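In: Kindly return the folded structure for what I paste below:
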Amino acid sequence: MNASMLIQVTVTVMFLVSGVAKLADMESFHMTVFEVGSPAHMSRKLAWAVPVLELFSAATMLFESTRVVGHVVALGLLCSFALVTWSVIRKKAAIKCNCLGILAPERFGPITFARQAVLASGILFALADGAPFSWNSVSVVDWISSITLAVGIVLLYILLSNYLHYEPKREMRD
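Out: Numbering: from 1, shown residues only. All right, here's what the predicted structure looks like:
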């Protein structure tokens, strides 16, 4: 397993999880799209388009013949997300990010921007590396190791986000 493979698999898993999580809580994501400034008549369409494009990107990153397309779509999405994040930070608005849907409760902020930069850097590294992998050129052990590590990285991020944004419920006292 090489670094490029791990990065590509991690980005693929991140986009897969992100797309599914947004679809699982579409109403909340739609509210986020509206709150960041999307026109009301387009916010529902954009709310559906984002996770569909994330899933498309994840699916195309899986195959050698379409990997570059997946990377380009992912970079386009990340650039769009970064612009939205920058806009929200500049406005000092407290808007729920919904980047990973209900899995990672956080608001737009510097951590959101940093995550987008790390993912974009990973994609650029994988593209520049020039050492693509294919299903039949990598051992099963390398695939299992890469997928396990990628899922672990994404889960670690989700757990950390939940830990940092945990708000205990207050109990009412008589």
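In: What's the mean pLDDT across stretch 158-174?
Out: Across stretch 158-174, pLDDT averages out at 69.
In: same deal with stretch 118-127?
Out: Taken as a whole, stretch 118-127 carries a mean pLDDT of 90.
In: Give me the buried stretch members for it, please.
Out: Counting neighbours by 16 or more other Cβ atoms under 10 Å, one finds that the buried residues in stretch 118-127 are L119, A120, G122, I123, A126, L127. For glycine as for every other residue, the C-beta is placed from the backbone atoms N, C-alpha and C.
In: Would you format those residues as CSV with distance to K22 included?
Out: Supplementary listing: these in CSV, determined by distance: Cβ to Cβ, whole Å:
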residue, distance to K22
L119, 16
A120, 19
G122, 20
I123, 19
A126, 23
L127, 25
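In: With secondary structure and distance to A21 as extra columns, can I get the residues you listed in JSON lines?
Out: What follows is the buried residues of stretch 118-127, written out as JSON lines (DSSP: H, G, I helix; E, B strand; the rest coil; distance: Cβ to Cβ, whole Å):
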{"residue": "L119", "secondary structure": "helix", "distance to A21": "15"}
{"residue": "A120", "secondary structure": "helix", "distance to A21": "20"}
{"residue": "G122", "secondary structure": "helix", "distance to A21": "19"}
{"residue": "I123", "secondary structure": "helix", "distance to A21": "20"}
{"residue": "A126", "secondary structure": "helix", "distance to A21": "23"}
{"residue": "L127", "secondary structure": "helix", "distance to A21": "26"}
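In: From start to finish, how long is stretch 26-45 in a straight line?
Out: One end of stretch 26-45 sits 11 Å from the other (Cα to Cα, to the nearest Å).
In: Contacts for it next, please.
Out: Contacts with stretch 26-45, where a contact means Cβ atoms under 8 Å, 6 or more residues apart in numbering, come from 22, 46-48, 50-51, 84, 87-88, 93, 95-98, 101-102, 108.
In: which ones among those are found in helices?
Out: Using DSSP state H, K22, L46, A47, W48, V50, P51, V84, S87, V88 are the members of these that sit in helices.
In: give the contact list for the first one.
Out: K22 makes contact with F29, A47, V50, P51, E54, N98, G101, according to Cβ under 8 Å, 6+ apart.
In: I'd like the distance between it and D129.
Out: With the distance defined as Cβ to Cβ, to the nearest Å, K22 ends up 29 Å from D129.
In: where does this structure dip in pLDDT?
Out: 1, 130-136, 165-174 (pLDDT under 70).
In: change it to 90
Out: 1-10, 40, 61-68, 93-115, 125-174 (pLDDT under 90).
In: Is there a neighbour count for V20? I'd like the number.
Out: 16 (other Cβ atoms under 10 Å).
In: What are the buried residues along the helix or strand that contains V9?
Out: In this assignment (DSSP states H and E), V9 forms part of helix 3-24. Buried residues in helix 3-24, defined by neighbour count with 16+ other Cβ under 10 Å: 4-23.
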